[in-house]
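Engineer: Next input, structure requested:
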Amino acid sequence: MSFDDEIWIDDEKEVCKIEKLNETKFATKFRVDPLSKQGIDDLLMLSDLNEYNCLHNIRVRYLKEQIYTQIGSPILVSINPYVFLPKIYNQETLAYYKVKLGQSQASLKTSTKQNEFQPHLFKIAQLQFDQLFESPTKELRICSMIISGESGSGKTESTKILLKYLAAESKSGLFRTIQQGQTIEQQIFASNPVLEAFGNAKTARNDNSSRFGKFMHLYFNADTKRVSTAKIDKYLLEKSRVVKISSQERNYHIFYQIIGAQIPELQLTSPSKYEYLKNGDLSYNRNEKQEFEETDICLDNLNFSPNEKKYIYHTLAGLLHLGNVKIEYDQVKSTLKLDNSLKIASELLGIQIQQLDDLICKVFTSVGKEIVTKNNNLENAQSARDTLAKHIYEKLFNWLIDKINQQLLNIKSLSFQNQQQPQLTKHMIGILDIFGFEIFTDLNGLHTNSFEQLNINFTNEKLQQHFNLQMFVTEQKEYDQESIKWQQIKFPDNKKIIDLIENSSVSIYKMLIDQTIVQNRGDKEFLSSLKQLPKDNLVLVSDLQTAEIEPRFDKKIHRVAKFDWFCLKHFAGAVAYNVAGFVEKNRDSINGEVFKILPNSTNPVLKEIWSNVSNDYQNMKLNNVVTKFQNSLKELLNLLNMSIPKFIRCIKPNNFKQPLTFEASEVRRQMTCAGLMEAIQIRKAGYEIRLKHIDFIKKYQHLVNKNFKNIKNIEEMFKLLGENQKIGQFLKEQQNQLSYQMGKTKIFMKQHFREFFDTLLIEFRLKYIVKIQKQFRIYKNLRIMRTKLKQLHNKLIKLKRAIKRFLFRKSIEKRILLRKKINSLSTQWLKIQSKLNKQYSFNQIKIKVKEMIELEQAQLLEDVEIIDQSMEFSKIISIEPSQVQKDQKSEMQKETQQIELQKKQEFVEIKKDSKQKGAFLKQTVIAQPKTQDVKNEEIKNQEKKNEEEMKVQVLVQQKEMQFYEGKLNQLMKELDDEKKKRVVSEQENQKLQQSIKQQQQFDIGDDKNREQIQKLENEIFKRDQIIRDLNIKLNEYSKQMKHSNDINRISEVQNQRVNQLEGELQRKNEFIKLQQDLIKSLNQGWRLKILENECLFNHYNLKTYQERLPIYEKFEITQMVQTGDLLQKQIKDLQLQISQQEQSLQKSKMTQ
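Structural biologist: Numbers count the residues shown, from 1 in each chain. Model (predicted):
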């Protein structure tokens, strides 16, 4: 089907439909472009640029899940898919754009390479990154990305994606790190969830709507091209949301997160229990607990201390409890009801209950030097409570951003007015994520917009004006200055509505500020003052019937509205604003006692925040909300005007948040409001590429056949280019088609015109690139050969030195080994001699012990004889002993006889054992070899025999010790028996003394009795002597016991010595094994070196190179070859020596 066979017709549902030309009755002038049915990447590539072709092209791409479409290089259209598309944002896609597009831009700065890549946010980010470092500069160079669109169009998500890409440019180890190992990129990512929790909320159109504007500064280092610092600017936080929300909305996410976290000390239950939350959408479900954990981790990553986090949560919970504080009014004054909510709020905020009562229920005004107090009524007290909550939350949010900036900034000041800027701030990329155009309506279609929506929509008007200036005004102005012939294009200019709100001497903002300054003025006075303004873009209730307003604005409903309102005709549509609260919100006044009480709070976070807040509310002309907002917006626009912009237009495809559902009428409205159609026309009609005359000559001068150094101007350049047949024919064709035009200082070109010259330039460069590469490779190979020859020569010298050292070390090691062997043999011989001497000395000790035992036995026999004599002497005495004593004496005699027999038998056995051991020792001594050579061979056999003999001796000694222990036990028993006998004899002596005393009393005169008494006394004296002798013998027996213990110790020492000898033998064997392993490893190392030498000589053929190449005449290669041959001979000699040493070592092992 040809191009003229299809046309577009209007349709209610799809806006436009394709019909055949001959079948339709409602034909329009718009033809169907076949490229629009394919869904091309760039709308400028369409042959017929009309509204329907552009809309259908975007629709086709969106239904293919291709949500991005570009309009040239500076504008990207993004359609919100309302569903996550993993293939678009994965790591592979990110790497593709970062590596491929980055390389192509670095190699050739043309748009030919850019068109090979699909439109994407990553592409916009990479182009801005490349443009940032395109040329060196001493001044601040800024590239900006302005994200705009209505609420719910995907601006916040687009900001996250851009940050992800730009931060991914910084690789680990190449950028600055901040406290505790956190990188600047990680902290940028960590700031986003925190700002979303505290600054985003659910609205009727968007579940995650940003209720404040932010401009992210990313500063790059010119040397490393990595992120060095960052900064966040915030604009217009919607603090009224803290205390008031509609049924379809929710408060800020952080309030629901701390409830879901269930922290016991906060004493929070459920959202339905709190006045600031229960009026919102309670049916909306989110995983608040998981989101709280993520926010808490991000605060840790931003280096917030646990104490700071604790009191941030206390402050937020305190605001929820403050909203539940009830106020009682008794027609005179209002007071706070003392309930649980008041106590918890007081505790969490760190403010006393009486102080809260003063802040909410009283007003303190200064009249001269006196302070007058005034009691609030119920309505004013409730307003004061809500105002306190809003101000606390606003100051907390500002403090959070300041703390985040302290972490992100590496320098103290980044103000652009400062002339002494550090090197890190010369290159900046800015990302603007600001609230979109907002129109809030209730279920009946009645507009419910307020003061906050007016400021938001005015910001979007200013941004739209900036877009118009960049796309239309500056474009047309440059064409006029350069005297370029082209057709003027009309564009939607919103200057009138901006002047109505701000710029004119009589404007809405000026009227509002005037009413704010004057006390006791309210919203009605403000609304009546608006009658003075022009009615072109302003509609009041009285003018509603005659006003021309778009059909979406329902006049009937707004005519009977119960509140006062005014309507403005914005570029995006008509919006009605409820006047209620305008003056008070702009005044934003607060009880002056706040500046005295909150700096003394026991909550450390509130104390720190309010200690740095000054009371500037006295000068209301400079410190109202509108004035502050205008100043901050002016700074933002000045910064954007300094930058090189890229525009990202976010569009929502439907109003129901349905994934991949395209509502054509809604998309068409947003495209019209954003001025996209006019932007497409001007980019299509204009010249995208502009180069200064000097730059064009420098770039393409090599395409001239003649000497290009004499070219003076652009006309001469084109004359010389025309001499080339191919270029001359192309210039004639393009001149007729107006593909280029010559300006006063610049040349304006279409895209394909520049592509033609770029391809010719590439072909020209390729010819010389091949020649340069060839010469460079020759030079490189020659350089490599020289270096290798030098390396070979140095290696040969090192090898000679190493071989000499090795031989010297080996000779020394041989001598050391021989010395060690001789020393070891001598030490072994001395040890054997010492062992033999110790064995002989041990046998002599045994003989002495036996002699001592025999002497003791003889003494015992003498003692027995003495006792027998004493018994015979006792018979002579006239006093007859008792029958019991006679029995005891007979038993003693029997025992002594048995002991004597046992001792005689033991003595005979000991003599036999000693004779046998003596004969054994004599045999071992006689069996020693005589010659020295035989000794070295028989040392091992002797050692083994000695070990066996030592084991036998140890067993014999153990048996002897057992025998001696048994004997000692018997002797001890005998001593005990003798002690008992001694005790018995003493008793008998006592009895004899008593009998003598009795006899002295009865028979004193008898001489015979006297003689008997004297005999008895003599006998007693003898027995005492015998007892003394027995005591002496007992002492001697104890000494002998000690001596026997010493003998046991000597045997233990001998056992230990035997174990030591065994250990030394094992060590010697291990040492011999180590020497063998070392010799093997040395052999392998030298063999490898020999192979390396041979390979080098075979590969290079040094003699042939010497004959062929004159370069190597300087080097004495023949000498090097001779030295190499000598080295090979020396290495072979070394191998023989090593093998001989191995054989000698093996022989020495065999001898050992």
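
Engineer: Correct me if wrong, but residue 577 is in a strand.
Structural biologist: Yes: counting by DSSP: H, G, I helix; E, B strand; the rest coil, residue 577 falls inside a strand.

Engineer: That one against residue 565, yeah?
Structural biologist: Yes: Residue 577 is within contact range of residue 565, at 5.9 Å (criterion: CB atoms under 8 Å). Using the backbone N, CA and C atoms, a C-beta is placed for each residue, glycine as well.

Engineer: any common contacting residues for these two?
Structural biologist: residue 447 (CB atoms under 8 Å, 6 or more residues apart in numbering).

Engineer: low-confidence ranges in the stretch 651-800 of the chain?
Structural biologist: By pLDDT under 70, the weakly predicted segments of the stretch 651-800 of the chain are 681-685, 688, 706-709.

Engineer: where along it do the helices fall?
Structural biologist: Taking DSSP state H, counting those that start in this stretch as the test, the helices found in the stretch 651-800 of the chain are 664-673, 676-685, 693-700, 714-722, 725-736, 751-876.

Engineer: Can you check which of these gets nearest to residue 987?
Structural biologist: helix 751-876 (13.5 Å; CB to CB).

Engineer: which other helices and strands contact the closest one?
Structural biologist: helix 111-114, strand 689-692, helix 693-700, helix 725-736, helix 883-926, helix 932-1002, helix 1007-1100, helix 1117-1151 (3 or more CB pairs under 8 Å, 6 or more residues apart in numbering; DSSP states H and E).

Engineer: buried sites along the strand or helix carrying residue 195?
Structural biologist: With elements taken from DSSP states H and E, the one containing residue 195 is helix 184-199. Of the residues in helix 184-199, 184-188, 190-199 count as buried by neighbour count, 16 or more other CB atoms under 10 Å.

Engineer: What ranges in the stretch 301-450 of the chain fall below the confidence cut-off?
Structural biologist: 366-369, 410-425.

Engineer: can you rerun that using 50?
Structural biologist: Applying pLDDT under 50 to the stretch 301-450 of the chain flags the ranges 411-424.

Engineer: Would you state the strands of it in chain order?
Structural biologist: Ranges of strands in the stretch 301-450 of the chain, per DSSP state E, counting those that start in this stretch, are 327-329, 334-336, 362-367, 370-375, 427-433.

Engineer: Turn those into a markdown table, including mean neighbour count and distance to residue 168.
Structural biologist: Shown next, in a markdown table, are those (neighbours: other CB atoms under 10 Å; distance: least, CB to CB, whole Å):
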| stretch | mean neighbour count | distance to residue 168 |
| --- | --- | --- |
| strand 327-329 | 16 | 54 |
| strand 334-336 | 20 | 53 |
| strand 362-367 | 13 | 55 |
| strand 370-375 | 10 | 59 |
| strand 427-433 | 23 | 13 |
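
Engineer: out of the ones you listed, nearest to residue 308?
Structural biologist: Across those, closest to residue 308 is strand 427-433 (CB to CB), at 26.0 Å.

Engineer: Given the closest one, what are its sheet partners and their directions?
Structural biologist: Applying DSSP bridges, strand 427-433 is found paired with strand 141-148 (parallel), strand 213-220 (antiparallel).

Engineer: May I see the buried residues of the helix or strand that the first one is followed by?
Structural biologist: Towards the C-terminus, the helix or strand next in line after strand 141-148, according to DSSP H and E, is helix 155-168. Buried residues in helix 155-168, counted by 16+ other CB under 10 Å: 155-167.

Engineer: which one of these is nearest residue 116?
Structural biologist: Of all the buried residues of helix 155-168, residue 165 has the smallest distance to residue 116: 18.5 Å, by CB to CB.

Engineer: What are the buried residues along stretch 724-740?
Structural biologist: Buried, per 16+ other CB under 10 Å, within stretch 724-740: 727, 730-731, 734, 739-740.

Engineer: Tabulate these in TSV, adding columns for distance to residue 482.
Structural biologist: Formatted as TSV, the buried residues of stretch 724-740 follow (distance: CB to CB, whole Å):
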residue	distance to residue 482
727	24
730	23
731	19
734	18
739	16
740	12
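
Engineer: So, low pLDDT: which residues of the stretch 1-150 of the chain?
Structural biologist: 1-3, 23-28, 106-112.

Engineer: need the helices for it, in chain order.
Structural biologist: Using DSSP H, counting those that start in this stretch, helices in the stretch 1-150 of the chain cover 34-38, 51-63, 86-89, 91-95, 102-107, 111-114, 121-132.

Engineer: Would you convert those into a markdown table that also reports mean neighbour count and distance to residue 774?
Structural biologist: Listed next are the helices of the stretch 1-150 of the chain as a markdown table, based on neighbours: other CB under 10 Å; distance: least, CB to CB, whole Å:
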| stretch | mean neighbour count | distance to residue 774 |
| --- | --- | --- |
| helix 34-38 | 16 | 45 |
| helix 51-63 | 21 | 48 |
| helix 86-89 | 12 | 45 |
| helix 91-95 | 12 | 35 |
| helix 102-107 | 14 | 21 |
| helix 111-114 | 16 | 27 |
| helix 121-132 | 22 | 32 |
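
Engineer: Residue 318 is nearest to which of the strands of the stretch 301-450 of the chain?
Structural biologist: Here strand 334-336 is closest among those (CB to CB), at 14.4 Å.

Engineer: And the contacts of the closest one?
Structural biologist: 325-328, 342, 353, 356-357, 360-361, 375-378, 380-381.

Engineer: Now render the strands paired with strand 427-433 as CSV, adding distance to residue 809.
Structural biologist: Formatted as CSV, the strands paired with strand 427-433 follow (distance: least, CB to CB, whole Å):
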stretch, distance to residue 809
strand 141-148, 67
strand 213-220, 60
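
Engineer: Indicate which one of the ones you listed is closest to residue 645.
Structural biologist: strand 141-148 (5.0 Å).

Engineer: what's the angle between the closest one and helix 121-132?
Structural biologist: 160 degrees (axes from the mean of the first three to the mean of the last three CA atoms, to 10 degrees).

Engineer: one step back: of all the helices of the stretch 1-150 of the chain, which one comes closest to residue 671?
Structural biologist: helix 51-63 (7.1 Å).

Engineer: thinking again about what came up before, wait, which of the strands of the stretch 301-450 of the chain is closest to residue 96?
Structural biologist: Closest to residue 96 of those is strand 427-433 (CB to CB; 20.4 Å).

Engineer: who's in contact with that closest one?
Structural biologist: 128-129, 132-133, 140-147, 155-156, 158-159, 162-163, 166, 210, 213-222, 636, 639-640, 643.

Engineer: where does the stretch 501-650 of the chain dip in pLDDT?
Structural biologist: For the stretch 501-650 of the chain (pLDDT under 50), the answer is none.

Engineer: Can you list the residue ranges for strands in it?
Structural biologist: Using DSSP E, counting those that start in this stretch, strands in the stretch 501-650 of the chain cover 538-539, 565-570, 573-578, 644-651.

Engineer: export those strands to JSON lines and tack on mean neighbour count and distance to residue 52?
Structural biologist: Output for the strands of the stretch 501-650 of the chain, formatted as JSON lines (neighbours: other CB under 10 Å; distance: least, CB to CB, whole Å):
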{"stretch": "strand 538-539", "mean neighbour count": "20", "distance to residue 52": "31"}
{"stretch": "strand 565-570", "mean neighbour count": "21", "distance to residue 52": "25"}
{"stretch": "strand 573-578", "mean neighbour count": "21", "distance to residue 52": "21"}
{"stretch": "strand 644-651", "mean neighbour count": "22", "distance to residue 52": "16"}
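
Engineer: Can you check which of those strands gets nearest to residue 236?
Structural biologist: strand 573-578 (15.7 Å).
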